[in-house]
Structure formats: structure tokens, C-alpha cells
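K.L.:
Structure of the sequence below:
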Amino acid sequence: MSESLNNVGAITMFVADRDRAKSFYEKAFDAESVYEDDHSIAFRFENMIVNLLVASEAHDLIGPASVAGQDAGSRFQLTIGVNDVDAVCEDLAGRGVELLNGPIDRPWGMRTAAFADPDGHIWEVAAEIRT
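P.N.:
Got it, this is the predicted structure:
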């Protein structure tokens, strides 16, 4: 293969309410949008664009595949590497973000904590446990 497929540049997540999602991402991640229209909003993270698209518009993007509802449950998690999970959790709490779990020392050598956006997309912060 001549093109490398190992550099993910963007992820699109389907949301119920664009404005509610925008408010959460601005608050939780202290993020500013790089693109907005009536149906989507995109945020630049350090190495990736996170695009939030109103679910009713998603079929045009992924058809003929179907768009699953939020009640289908989570099928992925996005992880952000940090230096201090506990400090990040304190900061998130100060921004009104509730944790699903953590901070937890995991048997694979990471300290993690997870939270969800209003549409159920799960984010994790993780740091290597230093001995």
C-alpha cells in the first residue's frame, strides 16, 4: 500500500443536540471550535479534529450503514494521555464534569479515570503509574 493508514486526523461523533455538545466540549476541554455550521461543530485537539455532527445528518455521511441510537451502549472509548490523572480529575470536577469512574490504578500499569459527554461518548484520562 502506498498510503499509510496509521495517522488518524479526525473523528466524527454523532450527537443529539449540537449546542449542548458544544457547551460541554468548551467547558470540559477548554476548547474553541475551528468550524461550525447548523449541524456540526469541530474542535482541534493537539493531533486530531473532533467533529460533533447532529445524528439526523449522519446518514448522508455513513450511508448505507445505519446510525445507532445512544441507547445501544458504548462501543469505544477515547483516551487522552496526561501527566497527573488526579489533578486533571480535580480540574474536570471544577468544570462540572462528573466522572464515571476513577481515578483507578489499573493492573496494566496505568492510572485512569473516565467520563462521558452528554451523548454518552466516553473519554478517559490516563497516566503511567510511576514506581
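K.L.:
Report the separation between residue 108 and residue 92.
P.N.:
Separation of residue 108 from residue 92 (C-beta to C-beta, to the nearest Å): 22 Å. Every C-beta, even on glycine, is put in place using the N, C-alpha and C of the backbone.
K.L.:
more neighbours, those two?
P.N.:
residue 92 (19 against 9; other C-beta atoms under 10 Å).
K.L.:
Name the helix or strand for the more buried one, please.
P.N.:
Using DSSP states H and E, residue 92 sits in helix 85-94.
K.L.:
Go through the protein and flag its longest helix.
P.N.:
Looking only at the chain and at elements set by DSSP state H, the helix with the highest residue count is helix 18-29.
K.L.:
How far away from the center of its chain is the following helix or strand past it?
P.N.:
Using DSSP H and E, the next helix or strand after helix 18-29 towards the C-terminus is strand 33-36. Computed by C-alpha atoms, centre = their mean, to the nearest Å, the chain-centroid distance of strand 33-36 equals 16 Å.
K.L.:
got the CA coordinates for strand 33-36 in PDB?
P.N.:
Presented in PDB, the C-alpha positions along strand 33-36 are these (Å, rounded to 0.1, in the frame of the first residue of the first chain):
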ATOM      1  CA  SER A  33     -14.300  25.500  17.700                       C
ATOM      2  CA  VAL A  34     -12.400  25.500  14.400                       C
ATOM      3  CA  TYR A  35     -15.500  25.100  12.300                       C
ATOM      4  CA  GLU A  36     -19.300  25.400  12.900                       C
END
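K.L.:
looking only at pLDDT, what's the mean for whichever helix or strand comes after that strand?
P.N.:
As assigned by DSSP H and E, the chain's next helix or strand after strand 33-36 is strand 40-44. The predicted model assigns strand 40-44 a mean pLDDT of 97.
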